[in-house]
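Student: Sequence and predicted structure, then a few things I'm wondering about:
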Amino acid sequence: MMEDENNIVTLVSSDGIQYKVYKHLAIQSKTLNTFLNSNPCFIEHRTQHVMLPIKGVYLKRIIEYLEYKYFAKNTKSFDEFEIGDDETVDLLDAAAYLRL
C-alpha cells in the first residue's frame, strides 16, 4: 500500500505521543470517523490530526487492534487478539470512547 499523505492521519495520545495511521484503519472507530469524515466544521476534519484522552501505551494497543480487525475480516482463520489482565479496564474505557 502506498503511503499517500491523504491516506494518513495523526492520532495524539493524552501524553503527547503521535501515531501516524492509515485513515481506513482509524475510521473503523465511529468516534474517529465522525471527527475525520462527517463534519467539516471539526478542526480534526481539516487537519486530519486528532488529540485523544487516551494514554500512549493504550492508544498503541488500540491501533494494533484496528489493524487486527481490518485484516481479520478478510480471512477465515486468524489468531485471537490477546489482551493482558493489567490493560483490560483501560482498553475497555478507550474502546468505549472510540466506539469500537
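Tutor: It's in.

Student: Tabulate the CA atom coordinates of the helix ranked longest in the chain in PDB.
Tutor: For the chain, the helix with the greatest residue count under DSSP state H is helix 56-72. Taking C-alpha atoms only, helix 56-72 is exported to PDB below (Å, rounded to 0.1, in the frame of the first residue of the first chain):
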ATOM      1  CA  GLY A  56       0.000   6.400  24.600                       C
ATOM      2  CA  VAL A  57       0.500   2.800  25.700                       C
ATOM      3  CA  TYR A  58      -3.200   2.100  25.300                       C
ATOM      4  CA  LEU A  59      -3.600   4.100  22.100                       C
ATOM      5  CA  LYS A  60      -0.800   1.900  20.600                       C
ATOM      6  CA  ARG A  61      -2.700  -1.200  21.600                       C
ATOM      7  CA  ILE A  62      -5.900   0.300  20.100                       C
ATOM      8  CA  ILE A  63      -4.100   0.900  16.800                       C
ATOM      9  CA  GLU A  64      -2.800  -2.700  16.900                       C
ATOM     10  CA  TYR A  65      -6.400  -3.800  17.400                       C
ATOM     11  CA  LEU A  66      -7.600  -1.700  14.500                       C
ATOM     12  CA  GLU A  67      -5.000  -3.300  12.200                       C
ATOM     13  CA  TYR A  68      -6.000  -6.800  13.500                       C
ATOM     14  CA  LYS A  69      -9.700  -6.100  12.900                       C
ATOM     15  CA  TYR A  70      -9.100  -4.800   9.400                       C
ATOM     16  CA  PHE A  71      -7.100  -7.700   8.300                       C
ATOM     17  CA  ALA A  72      -9.000 -10.400  10.200                       C
END
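
Student: quick one, strands of this protein?
Tutor: Listed in chain order, the strands of the chain (DSSP state E) span residues 8-12, 18-22, 49-51.

Student: Now mean pLDDT too, for those, in TSV please.
Tutor: Listed next are the strands of the chain as TSV, based on pLDDT from 0 to 100:
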stretch	mean pLDDT
strand 8-12	98
strand 18-22	98
strand 49-51	97
